[in-house]
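A.B. asks: From the sequence below, what's the structure:
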Amino acid sequence: MHPLLKALFSPWELRWEILIPLLILGSIYAIGWVRLRRQSRRQKVATRWRMVAYYTGLASLALALMSPIDWLGSQLLIMHMVQHKILVMVSAPLIWLGNPFPVAMWGIPRPARNGVTLALAGDSLVRRGLTLISQPAICWLVFTFIYLGWHDAGPYDLALRVEWVHNLEHITFFLGAMLFWWPVVNGAPRLHKSMPYWGRILYVLAFVPPNAIAGFAIANSPDVIYTYYNTVPRLFGMTALEDQMIGGAIMWVWSSEMMIDVVVIMLGVMFYREKKHKA
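C.D. replies: Numbers count the residues shown, from 1 in each chain. Next up, the predicted model:
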């Protein structure tokens, strides 16, 4: 077996600070899903495909943060990039596709449900704050700032050297991605008028140039940008510069391709709905 594959199949790290929140979120969703399925008029809110999407999203979080991918990310820029792509391009959109808000509302105790409803009602401070931050332009700018900011040499190296900074990096990556995908998936709570599909397509495509430019710069740098990787044992006979070149290419090509794939899917949905409407 190839050494990289062997490393990927090595034992997982049991991290309770990750596992417990995932179990809680999974349990709340399961309770809400069952309750909604018992009510025929609300079954469309809790469909099987949405449940599969949600739990696949949670499983991908566990894969990114507790599997050998996490340890390998501290040794190889390639695997660190893969880890980030899972958090940003897989976990966040899949969790949104699971329609988590209404399902989770039915999974929490009634007093908590009433409290959330009250917090989001009328002109409450919580509602005003969420309405402000969930504007598509704000979502895009916040996520892009987080995404590009962490790829600067200073913060990136610091995250690899200091554990709590590394954890902060992952938290902000994931929460920023949840913010980014909110208007694309149009998930509840819906605090703004839904963007038309052409608007969502332009929104996603607008992220491709800054991502591609950053990835291209990393892949084609003549020097090692993230000097931390010069201080760790080199795995599989790969130099730090070769590792950086491939890692940058993953960011440049793979991330851009995944965004374009989302655009293709949205185009298909848009044309299907138009055809169905005309029929």
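A.B. asks: Alpha carbons only: can I get stretch 217-226 in PDB?
C.D. replies: What follows is stretch 217-226 as a C-alpha-only set of coordinates in PDB (Å, rounded to 0.1, in the frame of the first residue of the first chain):
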ATOM      1  CA  ALA A 217       0.600  32.600  -6.300                       C
ATOM      2  CA  ILE A 218       1.200  29.800  -3.700                       C
ATOM      3  CA  ALA A 219       1.800  27.100  -6.400                       C
ATOM      4  CA  ASN A 220       4.200  29.200  -8.400                       C
ATOM      5  CA  SER A 221       6.200  30.800  -5.500                       C
ATOM      6  CA  PRO A 222       9.900  30.200  -6.000                       C
ATOM      7  CA  ASP A 223      10.300  30.100  -2.200                       C
ATOM      8  CA  VAL A 224       8.600  28.200   0.600                       C
ATOM      9  CA  ILE A 225       6.000  30.600   1.900                       C
ATOM     10  CA  TYR A 226       4.900  28.600   5.000                       C
END
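A.B. asks: That stretch: which residues count as buried?
C.D. replies: 218, 219, 224, 225, 226 (16 or more other C-beta atoms under 10 Å). Where C-beta positions appear, they are placed from N, C-alpha and C, glycine not excepted.
A.B. asks: Could I get the contacting residues of the last one?
C.D. replies: Contacts here follow C-beta atoms under 8 Å, 6 or more residues apart in numbering; on that basis residue 226 touches 77, 153, 156, 157, 160, 244.
A.B. asks: Turn the residues you listed into a markdown table, columns for neighbour count.
C.D. replies: Output for the contacts of residue 226, formatted as a markdown table (neighbours: other C-beta atoms under 10 Å):
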| residue | neighbour count |
| --- | --- |
| 77 | 27 |
| 153 | 14 |
| 156 | 21 |
| 157 | 17 |
| 160 | 22 |
| 244 | 24 |
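A.B. asks: In the stretch 151-279 of the chain, what residue spans correspond to helices?
C.D. replies: 153-161, 163-185, 197-205, 208-219, 240-249, 255-278 (DSSP state H, counting those that start in this stretch).
A.B. asks: Which positions within the third one qualify as buried?
C.D. replies: Residues of helix 197-205 classed as buried: 197, 200, 201, 203, 204 (neighbour count, 16+ other C-beta under 10 Å).
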